[in-house]
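Undergrad: how would this look folded up:
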Amino acid sequence: MNFSELLSPENVSINIDGNTKKIVLEKISIFISDRSDEISSEEIQQGLISRERLGTTGIGNGIAIPHCRINGCKKITAAFFKLVNSIDFESVDNNSVDLVFVLIVPSEQNDEHLKALSLISELLSNQKRCRALRNAASNEILYQVLGTVID
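TA: Predicted coordinates for the structure are as follows:
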């Protein structure tokens, strides 16, 4: 699995606003659902919230990777967001989150789920990339930075 297979340019946004994790997950769910014919925003939101109840997906350094498996989902759907404002995501390092990479996976695709999470973690482990993402002024630049090889 590579970056272009995982994320399409239409699924990035610098315009998600909200002051709580619940509100942000709701807006993200609507965003993803509007670009999908197969899953509703309610299914996405419920899946993401259920996963958060198991433990935070705020991995630290201002990054969260909310993810879930959904019955009826036919293909992996990923989306990336630079939040308008940092929010409390109950992250492992207690820092606010401003970068959110969401992953929605068909319930039966366990291996693909793990591969996608690994790729996302690798992309967001690069500090230079994260700085560039935080400085991105448009969806296009956001997508371009995500797909760029940065040493």
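Undergrad: Please count neighbours and contacts with C-alpha atoms only from this point.
TA: OK.
Undergrad: What's the separation between H113 and G147?
TA: 19 Å (CA to CA, to the nearest Å).
Undergrad: sorry, that was for F3
TA: 6 Å.
Undergrad: Near the closest residue in space to D88 that isn't next to it in sequence, how many other residues are there?
TA: Nearest residue to D88, sequence neighbours excluded (CA to CA, 6 or more residues apart in numbering): S96, at 4.7 Å. Neighbours of S96 under the rule other CA atoms under 10 Å: 19.
Undergrad: Tell me who's in contact with the residue nearest to N95 when sequence neighbours are not counted.
TA: Excluding the flanking residues, the one nearest N95 by CA to CA, 6+ apart is G62, at 6.0 Å. By CA atoms under 8 Å, 6 or more residues apart in numbering, the contact set of G62 is 86, 95-99.
Undergrad: Quick one: which of those residues is the most crowded by neighbours?
TA: Result: L99 is most packed of these (other CA under 10 Å), 25 neighbours.
Undergrad: In a strand, that one, correct?
TA: Yes - under DSSP: H, G, I helix; E, B strand; the rest coil, L99 falls within a strand.
Undergrad: please renumber so the chain begins at 58
TA: Sure, I'll start counting at 58 from here, so that last one is L156.
Undergrad: and it, how far is that from F60?
TA: Taking CA to CA, one finds L156 at 17 Å from F60.
Undergrad: The nearest residue to P163 once chain neighbours are set aside in helix, strand or coil?
TA: Leaving aside its sequence neighbours, P163 sits nearest to C130 (CA to CA, 6+ apart; 4.7 Å). Secondary structure for C130, judged by three-state DSSP, is coil.
Undergrad: quick revisit: and the residue nearest to N152, how close does it get to I73?
TA: 15 Å.
Undergrad: just L203 next, same as before
TA: On the measure of CA to CA, L203 and I73 end up 17 Å apart.
Undergrad: I'd like the average pLDDT over stretch 112-124.
TA: For stretch 112-124, mean pLDDT is 95.
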